[in-house]
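# next comes the sequence, and after it the predicted model I'd like to discuss.
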Amino acid sequence: MLKMANDCERFGAEGITVHPRPDGRHIRCQDVLDLSHSVTTELNIEGYPSLEFIDLILKTKPGQVTLVPDAPEAITSNAGWDVKKSFAQLSEVVEGFKEIGVRTSIFVGTDLRNIEYAAKTGADRIELYTEPYATLYSKGKEAAVAPFVEAAKLAKQLGLGVNAGHDLSLENLEYLHHSIPFLDEVSIGHALICDALYLGLENTIKEYKKCLL
């Protein structure tokens with residue numbers, strides 16, 4: 001696991017994203033602790049802000065934490081926060097992480113009101129949940145990306161950085177970046193590993209980076 005992460009960095013990845021869940025099926029907490037001493041670029045830890053997750057962040061002090069709203073029984077993140085509904089919780093967590101110097105991102109959809117509330121929490125960035133874009137891309141990429149462009153522009157106006165992630169691939173990443181050239185970062189997992197089975201890990205990372213030129 002450590003070698004894989006370090007190889008990704010060596011091949012050009014500019015950060016490593018992990019999602020520790022209560023059941024450990026994505027990555028175990030001990031793995032995250034080990035990675036915090038091994039990653040030389042930036043470690044982004046995403047997860048639901050439970051007491052255990054908050055404790056892990058306090059121990060590792062990663063470059064960035066991404067807050068996601070998924071329940072422990074969820075297979076993976078499949079929606080962004082209702083930030084207004086969870087405003088008090090998110091504001092408290094963001095404040096705590098900022099006090100220890102950890103950049104904080106909130107996982108959201110394209111609802112503009114949610115993004116306005118995300119800015120009010122004091123978060124540094126949002127991460128746009130891009131599964132809807134990926135799903136609709138083949139049916140019409142202009143229409144698919146339009147709400148994400150609008151959401152990203154509002155976030156930038158509000159002083160938020162903009163990340164993106166979920167179902168991004170070699171097929172759809174370049175157009176997203178072309179449409180939102182000020183994206184700060186993208187997180188890519190399953191598609192990258194699937195491509196690496198055919199292209200090799202080093203070549204795959206290089207191909208993804210070409211999409212972001």
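Structure received. Here the structure is a predicted model, which means the values were calculated and not measured.
# which residues are contacting the top helix by length along the chain?
Secondary structure of the chain per DSSP state H: the longest helix is helix 141-157. If you take CB atoms under 8 Å, 6 or more residues apart in numbering as the criterion, helix 141-157 is touched by 108-112, 115-116, 118-119, 125-126, 128, 130, 132-133, 135-137, 161-162, 164, 172, 175-176, 179-180, 182-183. (C-beta placed from N, C-alpha, C; glycine too.)
# helix or strand right after that helix?
Per DSSP states H and E, the first helix or strand lying C-terminal to helix 141-157 is strand 161-165.
# who's in contact with the next helix or strand after that next one?
Per DSSP H and E, strand 161-165 leads on to helix 173-179 as the next helix or strand towards the C-terminus. With CB under 8 Å, 6+ apart as the test, helix 173-179 has contacts from 130, 133, 137, 141, 145, 148-149, 164, 168, 183, 186, 188, 208, 210-212.
# what of stretch 7-21?
Contact partners of stretch 7-21, identified using CB under 8 Å, 6+ apart, comprise 5, 26-29, 31-32, 35, 39-47, 53, 56, 63-64, 66, 68, 72, 77, 165, 185, 187, 189, 201-202, 205-206, 209.
# flag the shaky bits of this protein, pLDDT-wise.
24, 72-77 (pLDDT under 70).
# so which residues of it form strands?
Taking DSSP state E, the strands of the chain run over residues 16-18, 43-47, 64-67, 103-108, 125-129, 161-165, 185-187.
# want to throw the ones you listed into TSV with mean neighbour count and distance to Val83?
Conversion of these to TSV gives the following (neighbours: other CB atoms under 10 Å; distance: least, CB to CB, whole Å):
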stretch	mean neighbour count	distance to Val83
strand 16-18	22	21
strand 43-47	23	16
strand 64-67	25	10
strand 103-108	24	7
strand 125-129	25	9
strand 161-165	22	15
strand 185-187	21	19
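# could I get those as JSON lines with distance to Ser86?
What follows is these, written out as JSON lines (distance: least, CB to CB, whole Å):
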{"stretch": "strand 16-18", "distance to Ser86": "22"}
{"stretch": "strand 43-47", "distance to Ser86": "14"}
{"stretch": "strand 64-67", "distance to Ser86": "9"}
{"stretch": "strand 103-108", "distance to Ser86": "9"}
{"stretch": "strand 125-129", "distance to Ser86": "14"}
{"stretch": "strand 161-165", "distance to Ser86": "19"}
{"stretch": "strand 185-187", "distance to Ser86": "21"}
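# give me the number of residues near Gly122?
13 (other CB atoms under 10 Å).
# tell me who's in contact with the residue lying closest to it once chain neighbours are set aside.
Nearest non-adjacent residue to Gly122, counting by CB to CB, 6 or more residues apart in numbering: Val94, 4.9 Å away. Residues near Val94 by CB under 8 Å, 6+ apart: 67, 104, 106, 121-123.
# now render these as JSON lines, adding distance to Pro20.
Output for the contacts of Val94, formatted as JSON lines (distance: CB to CB, whole Å):
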{"residue": "Leu67", "distance to Pro20": "13"}
{"residue": "Thr104", "distance to Pro20": "16"}
{"residue": "Ile106", "distance to Pro20": "18"}
{"residue": "Thr121", "distance to Pro20": "22"}
{"residue": "Gly122", "distance to Pro20": "24"}
{"residue": "Ala123", "distance to Pro20": "20"}
